[in-house]
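Enquirer: Next comes the sequence, and after it the predicted model I'd like to discuss.
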Amino acid sequence: MSELLRAVWRYRHFILSSVKNDLKARFARSRLGAAWMILQPLAQVAIYSVVLSRVMGAKLPGTTNQYAYSIYLMAGMLAWSLFIEVVTRSLTLFVDNGNLMKKIYFPRATLPFIAVGSALVSNIFLFVATILIFTIVGHAPTWAFLWLPLLMAINVAFSLGLGLLLGVINVFVRDVGQVMAVVLQLWFWITPIVYMPTILPSGFGRIIAANPMYYIVSSFQNVLLYGQSPALAPLAWTAAGSVILLAIAFLMFRRAAPEMVDVL
C-alpha cells in the first residue's frame, strides 16, 4: 500500500492533468458544460420532491421546516451521486483503458485516482449548488458541515474499494457490468434516500442495517438537514470496513494486473 501511495505522489501532476482532460472531454461541444454535473441529480430531487413531499415531509422527525424533505433528498443524493459515479467509472475502468494498460511504462496505479478525481470534482460542483439552494430556502450551514470532508473520504474509500474489486473481475467476466447495473438500481431503493427508514416494516430493518451506504447517507442527512454530528459508532465500523475493502481491492488489482493485460 505504501508503494502505491508513493507512486501516486510521484505521478500527481499526471493525475491532475488527466482529470482536467477527462472533464474537458466529457463536456466537449456541450453548451451547458459543467452544469450537466449538477442538473441530473437536482432534476431527480425536484421530481421526488414534487411527487412525494406531501407524503414524506410530514413523516420527517425533529423538524418543522417546510423544505425539510427536499433538503433530506438533496443530502442523500449528494452522498449517493458520489458513490454511484465512483463505482460505475471503476467498474469499466480497465476495460475502457485497455490500450493504456498494455503500455509498459504507463503508471497503471493512477487510473483509479483519475476516476476518483473526476467524480470528486462533479460532487463538489453539486455540493456548491446544494449549499446555494439551502441558502435560498433559509437553511443556513452549521458547524456540523465540517464533518463533510470525512464523510466524503469514507464514501470514496467504500465506493472505490467496491468499484475496483468489481472492475478487476469485470475484465475476466464481462457479465459483471450488466449485473451491477441492475444491482445498483435495487441498491438505491434499499438505501433511505427518498424515504425515511422509520416508515419501513420492522422486518426490513435487518436489510437496511446490512447496507453500508445507509450509514454514509444517513450521516450526510444528519449533518446537512439537522446540523448534527453523525452517529459515530456505526460510521466508525463503516470506515474501517471501507479501508479494509480498499486495501483488498488494490492488492487484487496489483496481483491481477499482468493477467488483465493479457486478457485486454
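Expert: Structure received. Numbering: from 1, shown residues only.
Enquirer: Now for this protein: which helix has the highest residue count?
Expert: For the chain, the helix with the greatest residue count under DSSP state H is helix 232-263.
Enquirer: That one packs against which elements?
Expert: Here helix 232-263 touches helix 98-101, helix 148-172, helix 212-221, going by 3 or more CB pairs under 8 Å, 6 or more residues apart in numbering; DSSP states H and E. Heads up, the C-betas are built off the backbone N, CA and C, glycines and all.
Enquirer: Sketch out the low-pLDDT regions of the chain for me.
Expert: 1-4, 27-37, 53-59, 62, 64, 104-105 (pLDDT under 70).
Enquirer: For the residue nearest to the spatial centre of it, which non-adjacent residue is spatially closest?
Expert: Nearest to the mean C-alpha position of the chain, counting by CA atoms, centre = their mean, stands Phe83 at 1.6 Å. Nearest residue to Phe83, sequence neighbours excluded (CB to CB, 6 or more residues apart in numbering): Ser159, at 4.5 Å.
Enquirer: go on, Leu16?
Expert: Gly117 (7.3 Å).
Enquirer: how about the helices in this protein?
Expert: Going by DSSP H, the chain shows helices at 2-10, 12-26, 36-57, 68-91, 93-96, 98-101, 110-136, 148-172, 175-189, 205-209, 212-221, 232-263.
Enquirer: Any idea which of the ones you listed gets closest to Met196?
Expert: Distance to Met196, taken as CB to CB, is lowest for helix 36-57 among those, at 6.8 Å.
Enquirer: before we move on, the earlier item: need the winner for burial among the helices and strands packed on helix 232-263.
Expert: helix 212-221 (a mean of 24; mean count of other CB atoms under 10 Å).
Enquirer: what does it contact?
Expert: The contact list for helix 212-221 (CB atoms under 8 Å, 6 or more residues apart in numbering) reads 72, 75-76, 78-80, 83, 147-148, 151, 154-155, 158, 187, 191-193, 197, 208, 230-231, 234-235, 237-238, 241-242.
Enquirer: Relative to the whole chain's centre, how far out is it?
Expert: 11 Å (CA atoms, centre = their mean, to the nearest Å).
Enquirer: same check, this time on stretch 131-149
Expert: Worked out by CA atoms, centre = their mean, stretch 131-149 lies 19 Å from the chain centre.
Enquirer: one step back: look up how far Met180 lies from the residue nearest to Leu16.
Expert: Distance, Gly117 to Met180, by CB to CB, to the nearest Å: 22 Å.
Enquirer: Same check on Phe253?
Expert: On the measure of CB to CB, Phe253 and Met180 end up 17 Å apart.
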